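[1] Quick check, what structure comes out for this input:
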Amino acid sequence: MEEIILKGEIGDIIFQNKENGYTVFTILVQEEEITCVGIVPMIHTGESLEVRGNWSNHPAYGKQLQVQFYEKFMPTSQSGMEKYLSSGLIRGLGPKTSKKIVERFGDAAFYVIEEKPDLLTEIKGITHEKAQRISEIFLEQHELRKVMMFLQSFEVSPAYTMRIYKKYKGRTFEIVKTNPYRLADDIFGIGFKMADKMAANAGIAEDDPNRIKAAVKYVLNQGAVNGDCFLPKEKLIAEAVELLQLHPLSVENAIRELQVESQIWQEKMEGIEAVYLNFYYYAEMAVAKRLLELSMSFSMDSQGEGLDILERQIHQAEEETGVLLAAEQRQAVMEAMSGGVLIITGGPGTGKTTTINTILRLLAKEEKEVLLAAPTGRAAKRMTEATGVEAKTIHRLLGTTFLSDDNRRQVFDKNEDDPIEADVIIIDETSMVDLHLMHALLRAIANGTAVIFVGDMDQLPSVGAGNVLKDMIRSERLRVVRLRHVFRQAQESAIIMNAHRINEGEEPVLNEDGTDFFFMRRAYGQEVLATVQDLVKSRLPKFTGQDGLADMQILTPMRKGMLGVQSLNQVLQQTLNPSSHKKKEKQFRQTTFREGDKVMQMKNNYNIVWRCYNCQGKRTDEGLGVYNGDAGRIAKIDEENEILQVLFDDGKLVDYDFTQLEELELAYAITIHKSQGSEYPVVILPIYSGPPMLMTRNLLYTAVTRAKKLVVLVGLRETVNGMIANNREIGRYTALAERIRNLYDFMFEQEEQT
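    Numbering: from 1, shown residues only. Next comes the predicted model:
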């Protein structure tokens with residue numbers, strides 16, 4: 001697409017978002033008024049502007065220029081100067097006074113304001129104080145303009161320019177010229193690679209200590225993105241050397257300096273020299289300590305009258321519900337009623353929900369205050385439906401807010417100073433909880449509160465850093481009840497039985513009569529794709545009565561390739577929600593968003609506003625925060641107000657400014673990782689080929705267990721069998737299990753000595 005370059009004078013500022021700099025304005029080019037849109041912060045009527053971008057057609061407003069880069073020039077004509085001064089730039093300086101200044105000083109008006117402000121007092125109505133104030137504001141704007149142009153010379157986009165200036169103001173020049181790597185720590189969205197490019201443009205040496213330290217932190221942060229709480233020092237050095245193309249000794253020196261500066265932590269554990277970013281080290285220590293502290297309130301009377309009473313209560317609950325508990329479930333209920341920390345783990349069909357419902361029934365009779373929570377909105381909704389008790393997301397339970405100067409940092413209202421008020425807290429889908437969220441949750445739980453963690457330890461670990469549920473169980477120092485018995489009713493489901501077969505390394509039983517688990521062999525990738533289209537559009541809706549858009553979910557191991565998320569979403573959007581004059585659309589980068597599309601939030605946004613409405617349209621709730629993995633449908637696209645509205649599956653309605661659309665992705669197909677905590681009536685799995693590190697047993701197991709009514713595998717049987725044989729655990733560098741174990745043993749030794 002050909003880049004358009006225009007230069008002219010700014011006419012009208014039609015709309016301007018002062019927070020993110022998104023602006024709709026006109027420029028006059030050879031007497032033609034052209035509408036421009038984009039991130040163009042702090043511009044004013046009368047300024048001259050050179051803009052670069054591409055043409056787009058707005059359905060309501062017609063031809064517009066989408067601005068990618070721009071450069072500002074001070075107005076040189078007297079009419080431009082007059083417009084500039086009266087644009088609202090300087091408070092208290094209106095059109096009349098601006099006109100008088102320009103008439104009095106002519107082309108030298110700006111020079112007088114900057115250098116000789118006392119001369120302004122010659123104009124009636126301008127006092128000495130007002131003249132000084134006009135000059136100060138004018139100079140501040142001049143400084144801002146210089147910063148904007150300076151940053152654009154480093155090829156920094158206007159959106160990031162705005163964030164940088166808001167953070168550093170007048171110090172921007174010094175910081176960017178001497179240590180642009182600070183931006184990677186301070187500015188959300190600027191990583192090491194962007195800062196490194198700026199440093200190269202600023203002439204900073206490749207072996208500058210700040211560059212090497214920034215690279216070390218970048219590698220550790222990338223490790224956290226991949227789930228690691230620490231990296232072995234040897235691996236960290238190797239990756240940093242590859243990134244920097246420098247000698248390993250310089251990286252070792254940087255690691256040493258970062259430790260001295262208390263930015264990282266080093267520790268030798270079981271033969272590994274571990275290097276942590278400080279947060280993850282302290283979070284692991286705090287989680288281990290808090291789990292053991294909360295465990296101390298465990299007070300089960302294993303003999304005598306207390307046990308007899310509990311047995312009678314369980315028997316009475318069985319009579320009231322008509323459900324007979326298995327021995328493991330009975331044990332879980334008895335352990336749960338004794339307080340402290342308990343973990344209940346088991347696969348599909350092993351009765352986790354029945355166990356929770358029995359616990360809730362007994363706690364209700366004791367008039368205990370119980371709170372239920374899960375990591376995602378979908379998981380919380382499922383928990384509510386299964387128990388009849390309202391479940392919240394963990395974020396809502398904690399009361400999430402954010403720091404206005406840094407949207408990366410969430411702040412929870414609930415903590416040790418203002419803990420959650422409850423006798424018992426039950427957390428479902430604990431395998432999805434990462435170290436950061438577990439740390440925040442445990443901080444907010446008061447001593448004496450019982451905590452029950454429920455989850456399937458064989459599911460994929462959390463998207464965020466850590467392997468918390470599995471580490472808690474592996475520590476062998478916390479109470480764990482494993483539910484292994486698959487109930488007869490569950491045995492009638494091929495989905496459940498095949499999930500267990502897969503988990504045990506056995507091939508699934510396929511295509512039996514009356515089954516809910518199908519395999520369709522297709523030899524070529526294009527055939528797989530065509531079959532998936534046919535299944536969602538006509539075949540399965542006719543066979544099952546399920547809606548291809550609302551009830552079916554395609555899960556895939558990969559993001560790229562013909563059968564990856566990106567390709568599948570484009571194909572399935574045209575299959576299930578094709579273009580229509582009745583549906584509004586918004587093009588954003590390579591994606592067309594359309595009313596009715598399935599979409600998913602791709603990162604945590606702690607400050608976006610949501611609200612809920614009842615069927616009468618009355619607002620029932622509101623709050624802040626939409627989280628990575630939340631899914632919904634596009635309800636409305638409002639071109640006039642630049643808003644895309646999403647109704648999420650948990651009932652939250654959210655308005656996205658068009659500048660926020662990078663947070664959304666089409667969700668007709670999603671990765672298996674993103675499906676954690678969700679259930680779908682029908683799951684379709686294209687299983688064709690992929691890298692061994694992705695095509696694993698527990699990835700397939702997780703995908704199969706997402707289906708309630710039907711699973712259809714499409715592809716190669718050899719690939720299915722290969723995944724089952726590939727029991728490679730997704731390795732993560734974590735030490736929570738060891739910390740729980742070591743701390744418990746230390747506390748126990750101290751208690752014995754006492």
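[2] can you give me the helices for the stretch 351-500 of the chain?
    Ranges of helices in the stretch 351-500 of the chain, per DSSP state H, counting those that start in this stretch, are 352-365, 377-387, 394-398, 435-443, 468-474, 488-491, 494-503.
[3] Those helices: lowest mean pLDDT?
    Among these, helix 488-491 carries the lowest mean pLDDT, at a mean of 72.
[4] name the helices or strands packed onto it?
    When contacts are defined as 3 or more CB pairs under 8 Å, 6 or more residues apart in numbering; DSSP states H and E, helix 488-491 sits against helix 494-503. The way it works is simple: take the backbone N, C-alpha and C, and place the C-beta from them, glycine included.
[5] send the alpha carbons of the helix it packs on over as CSV?
    Written as CSV, here are the backbone C-alpha positions of helix 494-503 (Å, rounded to 0.1, in the frame of the first residue of the first chain):
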residue,chain,number,x,y,z
ALA,A,494,-16.5,-42.0,25.9
ILE,A,495,-15.1,-38.5,26.4
ILE,A,496,-14.4,-39.2,30.1
MET,A,497,-13.2,-42.7,29.6
ASN,A,498,-10.9,-41.7,26.7
ALA,A,499,-9.6,-38.8,28.7
HIS,A,500,-8.5,-41.2,31.4
ARG,A,501,-7.1,-43.6,28.8
ILE,A,502,-5.0,-40.8,27.2
ASN,A,503,-3.8,-39.7,30.6
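[6] So which elements touch that helix?
    Using 3+ CB pairs under 8 Å, 6+ apart, the elements in contact with helix 494-503 are helix 488-491, strand 517-521, helix 697-704, strand 707-715.
[7] Give the next helix or strand downstream of the last one.
    Per DSSP states H and E, strand 707-715 leads on to helix 717-725 as the next helix or strand towards the C-terminus.
[8] What mean pLDDT does that following helix get?
    92.
[9] repeat for stretch 577-584
    91.
[10] buried sites along that stretch?
    Buried residues in stretch 577-584, defined by neighbour count with 16 or more other CB atoms under 10 Å: N577, K584.
[11] Now do it: distance to the chain's middle.
    In terms of CA atoms, centre = their mean, to the nearest Å, the centre of stretch 577-584 is set 29 Å apart from its chain centre.
[12] which outside residues touch it?
    Under the criterion CB atoms under 8 Å, 6 or more residues apart in numbering, residues P59, L549, E585, R594, E595, G596, D597, K598, K636, I637, E639 lie in contact with stretch 577-584.
[13] among these, which are in strands?
    Of those, the ones assigned to strands by DSSP state E are E585, R594, K598, K636, I637.
[14] List the contacts of the third one.
    What it means is K598. By CB under 8 Å, 6+ apart, the contact set of K598 is L549, N577, A631, G632, R633, L666, A667, Y668.
[15] let's go with 7 Å and repeat that
    By CB atoms under 7 Å, 6 or more residues apart in numbering, the contact list for K598 reads L549, A631, R633, L666, A667, Y668.
[16] shouldn't the fourth one be in contact with V599?
    So that's L666. Yes: if you go by CB atoms under 7 Å, L666 and V599 touch, sitting 6.1 Å apart.
[17] Count the neighbours of E2 for me.
    5 (other CB atoms under 10 Å).
[18] SS state for it?
    Judged by DSSP: H, G, I helix; E, B strand; the rest coil, the three-state class of E2 is coil.
[19] nearest spatial neighbour of it, skipping sequence neighbours?
    With sequence-adjacent residues excluded and distances taken as CB to CB, 6 or more residues apart in numbering, E2 is closest to N54, at 7.7 Å.
[20] and the gap between D434 and T178?
    D434 sits 36 Å away from T178, going by CB to CB, to the nearest Å.
[21] More neighbours: those two, which one.
    For D434 versus T178, neighbours defined as other CB under 10 Å are more numerous around D434 (20 against 14).
[22] For A199, see how far away the more buried one is.
    32 Å.
[23] try R361
    Per CB to CB, R361 is found 63 Å from A199.
[24] Settle it for me: which of the two has more neighbours?
    A side-by-side neighbour count of R361 and A199, using other CB under 10 Å, places A199 first with 25 against 16.
[25] State whether that one and R211 are indeed in contact, as I suppose.
    Yes: in this structure, A199 is within contact of R211 by CB under 7 Å, at 6.2 Å.
[26] Tell me the residues that contact both of those two, please.
    By CB under 7 Å, 6+ apart, the residues touching both A199 and R211 are Y181.
[27] Enumerate every residue touching L183.
    Applying CB under 7 Å, 6+ apart to L183 gives the contacts I164, I190, A195.
[28] Packing partners of the helix or strand containing the first one?
    What that stands for is I164. I164 belongs to helix 158-168 when assigned by DSSP H and E. In this structure, helix 158-168 packs against strand 32-39, helix 128-152, helix 172-178, with contacts taken as 3 or more CB pairs under 7 Å, 6 or more residues apart in numbering; DSSP states H and E.
[29] repeat that for 6 Å
    Secondary-structure packing of helix 158-168 (3 or more CB pairs under 6 Å, 6 or more residues apart in numbering; DSSP states H and E): helix 128-152.
[30] For the helix it packs on, what does the pLDDT average out to?
    pLDDT averaged over helix 128-152 gives 78.
[31] tell me how far it is from the chain's mean position?
    Here helix 128-152 shows a centroid-to-chain-centroid distance of 38 Å under the convention CA atoms, centre = their mean.
[32] between that helix and helix 158-168, how many degrees?
    Here the directions of helix 128-152 and helix 158-168 differ by 130 degrees (axes from the mean of the first three to the mean of the last three CA atoms, to 10 degrees).
[33] Show me what helix 128-152 is packed up against.
    helix 158-168.
[34] Show me where the stretch 451-600 of the chain has its strands.
    479-483, 517-521, 552-556, 585-588, 591-594, 598-601 (DSSP state E, counting those that start in this stretch).
[35] pLDDT value on the nearest residue to A205 once chain neighbours are set aside, please?
    Once flanking residues are discounted, A205 sits nearest to R211: 7.7 Å by CB to CB, 6+ apart. With respect to pLDDT, R211 has a value of 91.
[36] repeat for S689
    pLDDT recorded at S689 is 85.
[37] cool, and E738?
    Looking at E738, its pLDDT is 95.
[38] any idea how far it is from M285?
    11 Å.
[39] Same list (the contacts of L183) but as JSON lines, adding neighbour count and distance to N727.
    Output for the contacts of L183, formatted as JSON lines (neighbours: other CB atoms under 10 Å; distance: CB to CB, whole Å):
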{"residue": "I164", "neighbour count": "23", "distance to N727": "47"}
{"residue": "I190", "neighbour count": "20", "distance to N727": "40"}
{"residue": "A195", "neighbour count": "25", "distance to N727": "40"}
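[40] need the contact list for E9.
    Residues in contact with E9 (CB atoms under 6 Å, 6 or more residues apart in numbering) are L28, S48, G80.
[41] Looking at these, which is nearest Q526?
    Using CB to CB, L28 comes nearest to Q526 of the contacts of E9, at 52.6 Å.
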